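[1] How does the following fold in three dimensions:
(one chain, ligands or ions: 2)
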Amino acid sequence: MTRRIVAQGTFDIIHPGHVHYLSEAASMGDELHVIVARRENVTHKEPPVLPDRQRRDVIDALEVVTEAHLGHSEDIFVPIERIDPDVIVLGHDQHHDADAIRDALAGRGIDCEVARASGREPRYEGELLSTGRIVDRIIESRASEADDVDAV
Ligand SMILES: Cc1cc2nc3c(=O)[nH]c(=O)nc-3n(C[C@H](O)[C@H](O)[C@H](O)COP(=O)(O)O)c2cc1C
Ligand SMILES: Nc1ncnc2c1ncn2[C@@H]1O[C@H](COP(=O)(O)OP(=O)(O)OP(=O)(O)O)[C@@H](O)[C@H]1O
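    Ligands and ions are numbered 1, 2, ... in the order given. Below is the predicted model:
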């Protein structure tokens, strides 16, 4: 029997934390399906810069990923019902409550485990494992370059 795993997230600017999460999720089964959040549903932080389709296409191209799916715009359990996974792997810092997801799955008659992935810490000075921090770094470095030009 094929064991299907589901991972999910925004995946705006890819970094080694994403690679760690997706590799760990893939190692838990035979197929890894990734649900890429739609921009309109990313409400708890700055929305992604890149279009939905581009974020999905990049995740879909990764070797550990069987298929990347754009999420549903209103009901996060619609793709789950279609994929019919054995395990949903939450990211180490994802705000979703595992027990609330288990209850919602049970309420819909979906038989699926919910697990939590481990986090990946930086391995050398300056390694950035957060899309938000990469964006901040770009803004800071562009601003200091602009200051340098103004000072000439
Ligand atoms: C089980 C599960 C299913 C999800 N399905 C969808 C979905 O169908 N559509 C969507 O836009 N986002 C979906 N999401 C992603 C959440 O919207 C997402 O966690 C959040 O908006 C993106 O933030 P994050 O990258 O910090 O997790 C799902 C998340 C979970 C845990
Ligand atoms: N350092 C990390 N170690 C392990 N998993 C990570 C790491 N960073 C992100 N992930 C996981 O990757 C998935 C997608 O993450 P997301 O697209 O929200 O990126 P992010 O870098 O965490 O964003 P931000 O820092 O801007 O909130 C989530 O499940 C998240 O838990």
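[2] Report whether the helix or strand where residue 150 lies contacts ligand 2.
    Taking DSSP states H and E as the definition, residue 150 sits inside helix 131-151. Yes - Helix 131-151 is in contact with ligand 2 by C-beta under 6 Å from any ligand atom, via 131, 132. Yep, even glycine has a C-beta here, placed from its N, CA and C like the rest.
[3] Report the contact partners of the closest residue to ligand 1 within the chain.
    Proximity of the chain to ligand 1 (C-beta to the nearest ligand atom) peaks at residue 71, 2.0 Å away. Taking C-beta atoms under 8 Å, 6 or more residues apart in numbering as the contact definition, residue 71 lies against 8, 35, 36, 37, 38, 41, 79.
[4] any chance you could map the helices in the protein?
    With DSSP state H as the criterion, the chain has helices at 16-26, 52-60, 77-83, 98-107, 131-151.
[5] Please work out which of the ones you listed is packed deepest.
    A comparison of the helices of the chain by mean neighbour count, using mean count of other C-beta atoms under 10 Å, puts helix 16-26 on top with a mean of 20.
[6] In space, what's closest to residue 137 - neighbours in sequence excluded?
    In space, and not counting its chain neighbours, residue 137 is closest to residue 128: 6.3 Å by C-beta to C-beta, 6 or more residues apart in numbering.
[7] And the residue in the chain positioned nearest to ligand 2, how far from residue 118?
    Residue nearest to ligand 2 within the chain: residue 91 (2.0 Å; C-beta to the nearest ligand atom). Residue 91 sits 10 Å away from residue 118, going by C-beta to C-beta, to the nearest Å.
[8] now swap in residue 64 and tell me
    In this view, residue 64 and residue 118 are 16 Å apart by C-beta to C-beta.
[9] Show me which of these two is the more surrounded one.
    Higher neighbour count among residue 64 and residue 118: residue 64, with 15 against 10, using other C-beta atoms under 10 Å.
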